[in-house]
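J.: For reference, the sequence and a predicted model appear below.
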Amino acid sequence: MPPTPVKDQEILVPDLHSGQKLVKAERKKRNFVCAHRGWRKSSLAIHLVVEHLLTGQNAGWYAPTFNVVTSSNWVDFKKVAGGDSTWFNKNESSWTIPGRGTCFFFSMDRPESARGGTFSLAIGEEMGEWSDGIFESIVEPIVQKADGEFWGIGTPNIITPLNDFHRLVELAASYPDTHNSYIIPAWGADFDANGDLVEGLDPSYRYCCKESPFRTFKEMAASWTRARNPDRWQIEYLCRFISSEGVQFSGVDEACILKPILERAA
């Protein structure tokens with residue numbers, strides 16, 4: 001027997017911090033958010049999906065592997081339902097707000113499984129881990145058919161930072177009418193010429209999460225010390241697209257092409 005439709009106030013939509021609220025307010029047709037570990041990217045995505053489903057529309061959620069969905073995303077969606085697991089249909093890999101809309105989940109290690117759907121909202125989870133070409137060949141056509149909205153979230157790829165996610169984040173700025181892109185580092189930290197972690201010269205990043213996970217520079221420095229990997233820390237927390245040797249990539253724009261939505265639709 002299907003669960004009884006619920007009232008809106010019984011749905012526990014994740015709250016947004018100030019940086020997330022600003023990113024949401026600036027939303028466009030295509031949004032690419034490269035943010036540090038702890039910015040709560042998935043919480044923003046779940047917030048957007050729940051709002052969308054409450055209007056009676058469906059959404060698509062695309063993750064690099066299905067393990068990401070089952071080990072993390074589904075746990076958070078269950079919290080939205082107040083612990084009610086009956087909203088899941090694991091055979092169809094979906095989560096439904098009774099009487100409203102459904103979110104369908106897909107694994108990008110089997111991209112062919114995502115073909116054929118049409119969603120007016122799509123989420124690209126951990127896009128830094130996607131294989132090159134998947135967005136434009138699989139997901140973009142699905143969203144475009146519905147004249148829909150896409151949110152790609154993630155951090156730079158540790159092994160191959162110069163990948164599609166980097167390209168899309170960089171080139172989205174060239175199409176301000178339809179695209180937004182963000183690179184959001186951990187608040188208030190940077191490295192000096194000697195490679196030592198120091199307080200950032202500009203602590204007023206507009207989109208940073210100043211509430212979590214690091215409330216003080218001392219906590220941030222302690223995390224970096226525990227990591228004992230300066231390059232990886234810069235990639236995951238300062239969102240710098242650097243190689244494993246710490247060398248910044250350059251000349252990316254000249255090597256990449258991203259056509260705007262309207263041109264591709266013509």
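T.: Received the coordinates, thanks.
J.: And the helices in the stretch 151-266 of the chain?
T.: 164-171, 217-227, 230-237, 252-255, 261-265 (DSSP state H, counting those that start in this stretch).
J.: CSV please, covering the ones you listed and showing mean pLDDT.
T.: Listed next are the helices of the stretch 151-266 of the chain as CSV, based on pLDDT from 0 to 100:
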stretch, mean pLDDT
helix 164-171, 93
helix 217-227, 74
helix 230-237, 82
helix 252-255, 36
helix 261-265, 36
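J.: and among the ones you listed, the most buried is which?
T.: Mean neighbour count, computed with mean count of other C-beta atoms under 10 Å, is highest for helix 164-171 among those, reaching a mean of 22. C-beta here means a position set from N, CA and C on the backbone, and glycine is covered the same way.
J.: Tell me how far it lies from the chain's centre.
T.: Taking C-alpha atoms, centre = their mean, to the nearest Å, one finds helix 164-171 lying 13 Å from the centre of the chain it belongs to.
J.: Could you list every helix and strand in contact with that helix?
T.: Counting contacts by 3 or more C-beta pairs under 8 Å, 6 or more residues apart in numbering; DSSP states H and E, helix 164-171 packs against strand 30-35, strand 149-154, strand 179-184, helix 252-255.
J.: for those, which one sits closest to residue 110?
T.: strand 149-154 (18.9 Å; C-beta to C-beta).
J.: angle of the closest one against helix 164-171?
T.: Here strand 149-154 runs at an angle of 120 degrees relative to helix 164-171 (axes from the mean of the first three to the mean of the last three C-alpha atoms, to 10 degrees).
J.: Strand partners (parallel or antiparallel) of strand 149-154?
T.: Here strand 149-154 is paired, per DSSP bridges, with strand 30-35 (parallel), strand 121-124 (parallel).
J.: With mean neighbour count and distance to residue 92 added, can I get these in a markdown table?
T.: Listed next are the strands paired with strand 149-154 as a markdown table, based on neighbours: other C-beta atoms under 10 Å; distance: least, C-beta to C-beta, whole Å:
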| stretch | mean neighbour count | distance to residue 92 |
| --- | --- | --- |
| strand 30-35 | 24 | 27 |
| strand 121-124 | 27 | 17 |
